[in-house]
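Trainee: coords please:
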Amino acid sequence: MKASVAIQVLPAAKDKDELIRIVDEVIDYIKNTGLNYYVGPCETAIEGDSYDELMDIVKECQKVAIRAGAKSVSAYIKVSYEPKGEVLTIDKKVSKHHQK
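Mentor: Model prediction:
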């Protein structure tokens, strides 16, 4: 993997149920990208070989939230990019911490 992003989408919503519904739509979009992803309690990590593809996904996440009914959306984004090497994969970062 050449790049990974972590995105926390924070839609403006009338209540917690609406917020969860909108975030779930964003996560469904991420699932449908075909890239490897990991949903955590505060953010979703996505990894791939194309930095540009990941940035397009980050941009589309905002639009998905708006189409889902958010009046506005904020996001916190972390990016790891290694154009001539490899970034640490999601699996290498977290699998050892999960219960079996």
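
Trainee: start and end of stretch 8-25, how far apart?
Mentor: 13 Å (Cα to Cα, to the nearest Å).

Trainee: so what secondary structure elements neighbour the helix or strand of the chain with the lowest mean pLDDT?
Mentor: Least confident helix or strand, the chain: helix 90-94 with a mean of 92, by mean pLDDT, DSSP states H and E. When contacts are defined as 3 or more Cβ pairs under 8 Å, 6 or more residues apart in numbering; DSSP states H and E, helix 90-94 packs onto strand 36-39. Quick note: C-beta positions are derived from backbone N, CA and C, even for glycine.

Trainee: neighbouring contacts of the strand it packs on?
Mentor: If you take Cβ atoms under 8 Å, 6 or more residues apart in numbering as the criterion, strand 36-39 is touched by 1, 27, 30, 31, 44, 45, 46, 47, 48, 89, 90, 94.

Trainee: please, where are all the strands along the chain?
Mentor: 3-11, 36-39, 44-48, 73-81 (DSSP state E).

Trainee: can I get those strands in CSV including distance to residue 60, mean neighbour count and mean pLDDT?
Mentor: Putting the strands of the chain into CSV (distance: least, Cβ to Cβ, whole Å; neighbours: other Cβ atoms under 10 Å; pLDDT from 0 to 100) gives the following:
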stretch, distance to residue 60, mean neighbour count, mean pLDDT
strand 3-11, 11, 21, 98
strand 36-39, 14, 16, 97
strand 44-48, 11, 20, 97
strand 73-81, 11, 14, 97
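
Trainee: residue 99 is nearest to which of the ones you listed?
Mentor: strand 36-39 (15.5 Å; Cβ to Cβ).

Trainee: strand partners (parallel or antiparallel) of that closest one?
Mentor: Strand 36-39 has the following sheet partners, assigned by DSSP bridges: strand 44-48 (antiparallel).

Trainee: and the angle for the strand it pairs with with strand 3-11?
Mentor: If you take axes from the mean of the first three to the mean of the last three Cα atoms, to 10 degrees, strand 44-48 sits at 150 degrees to strand 3-11.
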